[in-house]
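Student: Below are the sequence and a predicted model for it; my questions follow.
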Amino acid sequence: MDGTTMEVGAVAGMRYVKDGIKAAKLVMDYTKHTLLVGEKASLFAISMGLPGPTNLSSPESVEKWNNWKENNCQPNFRKNVINGNSCGPFHPEFENSCDHGEERGSNILRVKLNSDVIGRHNHDTISMAVIDKMGHIAVGTSTNGATFKVPGRVGDGPIAGSSAYADDEVGACGATGDGDIMMRFLPCYQVVESMRRGMEPKQAAADAVSRIARKHPDFVGAVFAINTKGEHAGACHNWTFQYSVRNANMDDVEVFTVEP
């Protein structure tokens, strides 16, 4: 997101192309659109010069997937479903007595959403905000998505105002965590607007996170906030969050730890 023009470029569900953040920048710079998804996003990125199609699997990811299949595809993100074959097909769980349970066999499994599928050790989100010497602000977020997600799922990464937001007049925000919950609250838009109304970054970040926690006390997530003066802070819920900062006068980044 360009905090000067408020332009946004995003891709989602993009396969076979390694560099999602470059693809998103191409959408912003060379189209009038905001978001491209799926196979057509991949074709667009390749047509604009990014390498591909590329096999993005690694030995580690293949092993993880095989272990997941052997564990009856658990954990997963299904809820309120029944199935007679641990990995599907899945069917809605009917509340009345005519739920067709007998038709689908006696080995019906009622699958509940596992809150442990989101955590700091299975996340790979990177969100970054930059302020140049002229005061222009840009922000971007890149993620591989949620491990073992339902095919076709789009999280908060490409949603403007959810995983990232920037405005030259105010500052910027980045977010990570349980994107399916966080995107319902547009926390980064909330952070920037709170700073616009006079909140310091620490207050704005804490307020955005607390709004989510009041409705979803079990969610896992964090945000960082930075204003035009370079003042920054983070806030988190149900994990210990770390973010790093560097400016032109520093030889290396400084890491800040935020307790929940």
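Tutor: It's in. Numbers count the residues shown, from 1 in each chain.
Student: alpha carbons only for contacts and neighbour counts from here, please
Tutor: Will do.
Student: mind checking which helix or strand of the protein has the lowest mean pLDDT?
Tutor: Scoring the helices and strands of the chain by mean pLDDT, DSSP states H and E places strand 109-111 at the bottom, with a mean of 39.
Student: contacts for the helix or strand following that strand?
Tutor: Proceeding N to C from strand 109-111, the next assigned helix or strand is strand 126-131, under DSSP states H and E. With contact meaning Cα atoms under 8 Å, 6 or more residues apart in numbering, strand 126-131 is reached by 137-143, 163-164, 172-176, 228.
Student: Tell me which other helices or strands the helix or strand just after strand 126-131 touches.
Tutor: Where DSSP H and E defines the elements, the next helix or strand beyond strand 126-131 is strand 137-142. When contacts are defined as 3 or more Cα pairs under 8 Å, 6 or more residues apart in numbering; DSSP states H and E, strand 137-142 packs onto helix 20-30, strand 126-131, strand 164-167, strand 171-177.
Student: Relative to I212, which of the ones you listed is closest?
Tutor: strand 171-177 (11.7 Å; Cα to Cα).
Student: Show me what that closest one is packed against.
Tutor: Counting contacts by 3+ Cα pairs under 8 Å, 6+ apart, strand 171-177 packs against strand 126-131, strand 137-142, strand 164-167, helix 187-196, strand 221-227.
Student: Let's have those in CSV, adding mean neighbour count and distance to A233.
Tutor: CSV is the format used below for these (neighbours: other Cα atoms under 10 Å; distance: least, Cα to Cα, whole Å):
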stretch, mean neighbour count, distance to A233
strand 126-131, 19, 13
strand 137-142, 24, 16
strand 164-167, 31, 15
helix 187-196, 24, 11
strand 221-227, 28, 5
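Student: Redo those as CSV? Include mean pLDDT and distance to V81.
Tutor: Shown next, in CSV, are the helices and strands packed on strand 171-177 (pLDDT from 0 to 100; distance: least, Cα to Cα, whole Å):
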stretch, mean pLDDT, distance to V81
strand 126-131, 96, 33
strand 137-142, 96, 31
strand 164-167, 98, 33
helix 187-196, 98, 30
strand 221-227, 97, 26
